[in-house]
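*Asks:* Build the 3D model from these lines:
(chains A, B, C and D)
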Number of protein chains: 2
Amino acid sequence: MDLFWMRGYEATSVRDLTQRLGIGQGSLYAAFGDKEGLYRAALEHYRTTLAADALRSLDEGADARSAIRTMLVGRVRIAVEDGGRGCLAVNAVCERLPQDASVRRTVRDMQDASRDALAEVLRVAAERGEIAARHDPHTQAAFLVTFLNGLLVTSKITPDAHALESLVEVALSTLD
Amino acid sequence: MDLFWMRGYEATSVRDLTQRLGIGQGSLYAAFGDKEGLYRAALEHYRTTLAADALRSLDEGADARSAIRTMLVGRVRIAVEDGGRGCLAVNAVCERLPQDASVRRTVRDMQDASRDALAEVLRVAAERGEIAARHDPHTQAAFLVTFLNGLLVTSKITPDAHALESLVEVALSTLD
DNA sequence: CGCATACTGTATCGAGCGATCCAGAAAGAG
DNA sequence: CTCTTTCTGGATCGCTCGATACAGTATGCG
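*Replies:* Below is the predicted model of the structure:
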């Protein structure tokens, strides 16, 4: 996962992978079928660890706004590491779409789950009057997911967590 | 440019390129040095045509808000073509960073120029009272550039111009 | 026209790719 | 302990990669 994350799919060779994993090529092919199978497994691992962690952190904040802020800032913190690694899912989308239907399906599912979780948080918060109901919760949530995609791209161009956090504040002002 | 745009750098072979261009490999290497030179030239061409057009459209709108809306929607319209090609610059960032310093420099320059142009439009608009001055124009402009990056990623995942335009409206509400 | 120069595209290079093969090691059963 | 089965990873496969060499063609000039 780390290797694909840092270098992308095409630029990572099977030999790079076996060397990092400390196994032979035969074992890799026995376990994952082919290079693409390992890539899919890496993306799935990313989804069930990194992305899922972020979603869980949504339910922990005192209020909706700070929960969302924490989630976004947390994703940024991971993305700026190692000189701007970004997000494996966003990198995968940019390198492999529109050709790779499997990546499209996986990442779409990931982001739909994020959007739905955000929409629920926003719905509850609007009901409580914590935030203004200027936008439909689903649209608002989709906006936040897309903005996060942007953050993860900009993290690669300029891996400056502090500068990115001030953009988060602008995005959160859509909740006022 | 089209080939790199659709398939990315690594997945596009020199033979693919010569075939599309209708020239021999010798000519390509004589003109551009190597594959990376052609890639840089393609990115530079993208910058001076697509990206520059978008900037020019900023000065045409009746008011700041509709000028920005038109610019964002125009970029989305191009990005959703061909099943979700996205943006060559964003694709380049995701595939080639953090390793490729040349791509980082070029795309950073492109986006800095966009941000500065947006900041100027926002500054003037705030002076005229067209928009609320809730945020510093530079921060606001940087937010819009990052949000646009997000739009261009989401264009690849779900190439639905109509759905993306409703996200633009949420982003524009930061101007209220 | 005739010669010098510039350029084009094909054939070819070594290297590295993804994938497979298979001898040998490890693990499990009796 | 021995025999059978499973698994491991290095050697090797055919192929395609990016890059180059070079013969053949077009071009410009006196």
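*Asks:* which one is A:E10 nearest to, not counting chain neighbours?
*Replies:* Nearest in space to A:E10, with sequence neighbours left out and distances taken as Cβ to Cβ, 6 or more residues apart in numbering or on different chains, is B:E10 at 3.2 Å. For glycine as for every other residue, the C-beta is placed from the backbone atoms N, C-alpha and C.
*Asks:* who's in contact with the one you found?
*Replies:* B:E10 makes contact with A:G8, A:Y9, A:E10, A:A11, A:E95, B:E95 under the criterion Cβ atoms under 8 Å, 6 or more residues apart in numbering or on different chains.
*Asks:* per-residue pLDDT, it?
*Replies:* B:E10 is assigned a pLDDT of 97 by the prediction.
*Asks:* Repeat that for A:Q140.
*Replies:* 98.
*Asks:* Provide the secondary structure category for it.
*Replies:* Following DSSP: H, G, I helix; E, B strand; the rest coil, the label given to A:Q140 is helix.
*Asks:* Next one: the most far-flung residue of chain A relative to its centre from DNA strand C, what distance?
*Replies:* Residue distances from the centre of chain A (Cα atoms, centre = their mean) peak at A:G26, which lies 31.6 Å from the mean C-alpha position. To DNA strand C, A:G26 is 3 Å away according to Cβ to the nearest atom of the strand, to the nearest Å.
*Asks:* same thing with A:A54?
*Replies:* A:A54 sits 30 Å away from DNA strand C, taking Cβ to the nearest atom of the strand as the criterion.
*Asks:* now the helices: where do they sit in chain A?
*Replies:* A:2-7, A:14-21, A:25-32, A:35-46, A:52-57, A:64-79, A:81-84, A:88-96, A:101-128, A:137-157, A:161-172 (DSSP state H).
*Asks:* How far away from the center of its chain is the first one?
*Replies:* By that I understand helix A:2-7. When distances are taken as Cα atoms, centre = their mean, to the nearest Å, helix A:2-7 is centred 14 Å away from the chain's centroid.
*Asks:* In terms of mean pLDDT, which of the helices of chain A ranks lowest?
*Replies:* helix A:52-57 (a mean of 90).
*Asks:* what's the distance between that helix and the middle of its chain?
*Replies:* Mean-position distance between helix A:52-57 and its chain equals 10 Å (Cα atoms, centre = their mean).
*Asks:* Skipping adjacent residues, who's closest to the residue in chain A that DNA strand D sits nearest to in space?
*Replies:* For chain A, the residue closest to DNA strand D is A:G24, as judged by Cβ to the nearest atom of the strand, at 1.8 Å. Of all residues not flanking A:G24 in the chain, A:T18 sits nearest, at 6.2 Å (Cβ to Cβ, 6+ apart).
*Asks:* Surely the one you found is in contact with A:Y29?
*Replies:* No. Counting by Cβ atoms under 8 Å, A:T18 stays clear of A:Y29, with 9.6 Å between them.
*Asks:* so what's the residue farthest from the centre of chain A up against?
*Replies:* Counting by Cβ under 8 Å, 6+ apart, A:G26 has no contacts.
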